[in-house]
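J.: no letters, just coordinates:
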RNA sequence: GAGGGUAUAGCUCAGUUGGUUAGAGCACCAGAUUGUGGUUCUGGAAGUCGAGGGUUCAACUCCCUCUACUCUCCCCA
């Protein structure tokens, strides 16, 4: 008999229970971080109408979209009219446009769902991946100071996750565009130059200089020197912002960008965000053209090579494809699947977690009903409790307990039963105590508190 | 879409200039006498050597094709 090899599509993350528990922990921490700032949850379907999803996306994105089609439609040779979302921003735009009348603005929402891209998988890149987004959508206008709240939310989350040192790099596209304008680069060429500038941290200054001098741009060396000199601005966020006003650049775009950046840094300071968690990187532009102002990228300081784990920016008009209303917004997105992959690589995932707190074993089959009653009691006390149901040899029950990682095992044999006692075994320490049955729950609680204090210390 | 690399047990990998029955570690299952796991010892199960073709007395080994996986570039979380 032949069996089908139990494979999964490449580029998906599928976890074993112990890891999944750790993943849920990260997921919950992120969600709590969003809720702490009062963001409202929404979900949208994984499948969107093709006509909605692919309104004006460039060729690059469209090539990566998974289409969805019934077999009936396929057999008739029809083009798919459904597709899987490739991010959460486009569905958000559709959602806001659709529900505009029923939403309160500024609309601050979080959304934690999977997205899909038919990409060639690579280290830390997936075809199915979780995105955890927050966005603030305004009606007609949205104060630039919201551009500080969004990274403040993210920084709080990353600090709570204890993932090591990280830096949110921020910038304002208008600053860069104003610079390019001031050195006389054509309106048409500026977005293309921006994309090259954005890669300077990866490719280096020389490469950028050569590219800008090359056939695609043919910029004079004096211009390139000015750009490179500007990109060398470095320091704390406050220092960079101060330096911007001394560059001798004076055009509307630049000044607007600089003022906004100042407002953002001022708000971050007022929010008392740790200044070592963010910096202004004047080279950051982001590839996506719909960003118009503030842009963000987040890297783990020790693993910049793995790419950004959280990024986003400000867009002037989110839903112009779906409504005539002007809806500006700002948002950031955590790539949770990539982040979790990183945490595993760095051995920062606590895989000791178990799905249950207590396992009630089966010492004497005659007492089975009592074991179930005891388990019910433990659950009522808020303890996640599992009963051994199979009539296994006791040794096998203990092996099972060890394999699932449950921290406590309850043992009641004939002797304990007759004395109205129970034995509690601590699987981590290895010791065990026999106590009055009524003392079981307090005893477990005492030990959990003690273990918690050990971890915190 | 362009260019490299790899393919042997569930996992990570050995396998000599082609030669007889393809191995190890981990994992798994079972034992080491009464109600105790994670350490140790013993035993067991497990492979169409990615698929197809060619060379040869003989192919896991050499050649060709295909497939899958993987890395880099592009792009992004």
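T.: Thanks, I have it. As the structure is a computational prediction, the values presented were derived from the model and not from experiment. Numbering: from 1, shown residues only, chains lettered A, B, ... in the order given.

J.: residues of the stretch 201-350 of chain A that sit close to RNA strand B?
T.: Counting by Cβ under 7 Å from any atom of the strand, the stretch 201-350 of chain A comes close to RNA strand B at A:203, A:286-288, A:307-311, A:333-335, A:337-338. (Glycine included, C-beta is placed from N, CA and C.)

J.: next one: residue A:113 from RNA strand B, what distance?
T.: Distance from residue A:113 to RNA strand B, counting by Cβ to the nearest atom of the strand, to the nearest Å: 13 Å.

J.: same check, this time on residue A:153
T.: Residue A:153 is 16 Å from RNA strand B, by Cβ to the nearest atom of the strand.

J.: can you check residue A:386 too?
T.: 15 Å.

J.: the helices in the stretch 101-250 of chain A, which residues?
T.: For the stretch 101-250 of chain A, the helices defined by DSSP state H, counting those that start in this stretch cover A:146-161, A:173-182, A:190-198, A:200-203, A:205-213, A:221-231, A:237-244.

J.: and the angle from the fifth one to helix A:190-198?
T.: So that's helix A:205-213. Between helix A:205-213 and helix A:190-198, the angle comes out at 160 degrees (axes from the mean of the first three to the mean of the last three Cα atoms, to 10 degrees).

J.: what is helix A:205-213 packed up against?
T.: For helix A:205-213, the elements it packs on are helix A:190-198, helix A:221-231, judged by 3 or more Cβ pairs under 8 Å, 6 or more residues apart in numbering; DSSP states H and E.

J.: and that helix, how far from the chain's centre?
T.: For helix A:205-213, the gap between its own C-alpha mean and the chain's C-alpha mean amounts to 33 Å (Cα atoms, centre = their mean, to the nearest Å).

J.: go on, stretch A:303-311?
T.: 11 Å.

J.: start and end of that stretch, how far apart?
T.: Terminal residues of stretch A:303-311 are spaced 16 Å apart (Cα to Cα, to the nearest Å).

J.: quick check: buried residues in it?
T.: By neighbour count with 16 or more other Cβ atoms under 10 Å, stretch A:303-311 contains the buried residues A:303, A:306-311.

J.: just the ones of those residues in strands?
T.: Of the positions in the buried residues of stretch A:303-311, A:310-311 sit in strands, assigned by DSSP state E.

J.: make CSV out of the buried residues of stretch A:303-311 and add pLDDT.
T.: Shown next, in CSV, are the buried residues of stretch A:303-311 (pLDDT from 0 to 100):
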residue, pLDDT
A:303, 79
A:306, 76
A:307, 80
A:308, 86
A:309, 90
A:310, 93
A:311, 92
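
J.: just name the closest of the buried residues of stretch A:303-311 to residue A:94, please.
T.: residue A:311 (21.4 Å; Cβ to Cβ).

J.: in the sheet, who's paired with that closest one?
T.: residue A:297, residue A:333 (DSSP bridges).

J.: show me the contacts for it.
T.: Shown in contact with residue A:311 (Cβ atoms under 8 Å, 6 or more residues apart in numbering): A:286, A:295-298, A:332-333.

J.: mind running it again at 7 Å?
T.: A:286, A:296-298, A:332-333 (Cβ atoms under 7 Å, 6 or more residues apart in numbering).

J.: which one of the residues you listed is nearest to RNA strand B?
T.: RNA strand B has its nearest neighbour among the contacts of residue A:311 in residue A:333, at 5.0 Å by Cβ to the nearest atom of the strand.

J.: ok, the closest one touching residue A:131?
T.: Yes: with contacts counted by Cβ atoms under 7 Å, residue A:333 reaches residue A:131, the gap being 5.0 Å.

J.: shared neighbours of these two, anything?
T.: What both residue A:333 and residue A:131 touch, as defined by Cβ under 7 Å, 6+ apart, is the set residue A:88.

J.: residue ranges with poor pLDDT in chain A?
T.: Scanning chain A for pLDDT under 70 picks out the ranges A:1-3, A:56-62, A:288, A:457.

J.: and it, what are its domain boundaries?
T.: A:11-162+A:305-352, A:165-301, A:358-456 (automatic domain parsing).

J.: and the end-to-end length of the last one?
T.: Taking Cα to Cα as the measure, domain A:358-456 stretches 22 Å from start to finish.

J.: swap in stretch A:295-311?
T.: Termini of stretch A:295-311 sit 8 Å apart (Cα to Cα).

J.: also stretch A:180-190?
T.: 7 Å.

J.: can you list the buried residues in that stretch?
T.: Applying 16+ other Cβ under 10 Å to stretch A:180-190 flags A:180-183, A:185, A:190 as buried.

J.: including distance to residue A:83, could the residues you listed go into TSV?
T.: Below are the buried residues of stretch A:180-190 laid out as TSV (distance: Cβ to Cβ, whole Å):
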residue	distance to residue A:83
A:180	36
A:181	38
A:182	42
A:183	42
A:185	37
A:190	32
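
J.: nearest to residue A:81 among these?
T.: residue A:190 (37.1 Å).

J.: interface residues of the stretch 1-150 of chain A facing RNA strand B?
T.: A:9-11, A:60, A:87, A:117, A:119-127, A:129, A:131.

J.: do that again at 6 Å, thanks
T.: A:10, A:60, A:117, A:119-123, A:125-126, A:129, A:131 (Cβ under 6 Å from any atom of the strand).

J.: so which of these belong to strands?
T.: A:129, A:131.

J.: I'd like the residues of the stretch 1-150 of chain A next to RNA strand B laid out as TSV, including distance to residue A:139 and neighbour count.
T.: Below are these laid out as TSV (distance: Cβ to Cβ, whole Å; neighbours: other Cβ atoms under 10 Å):
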residue	distance to residue A:139	neighbour count
A:10	43	9
A:60	31	8
A:117	31	21
A:119	35	14
A:120	40	10
A:121	40	14
A:122	40	9
A:123	41	11
A:125	36	17
A:126	35	21
A:129	31	23
A:131	25	21
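
J.: that older thread, tell me which two in the buried residues of stretch A:180-190 are the farthest apart.
T.: A:182 and A:190 (11.2 Å).

J.: pretty sure residue A:352 sits against residue A:407.
T.: No: if you go by Cβ under 7 Å, residue A:352 and residue A:407 don't touch, sitting 8.8 Å apart.
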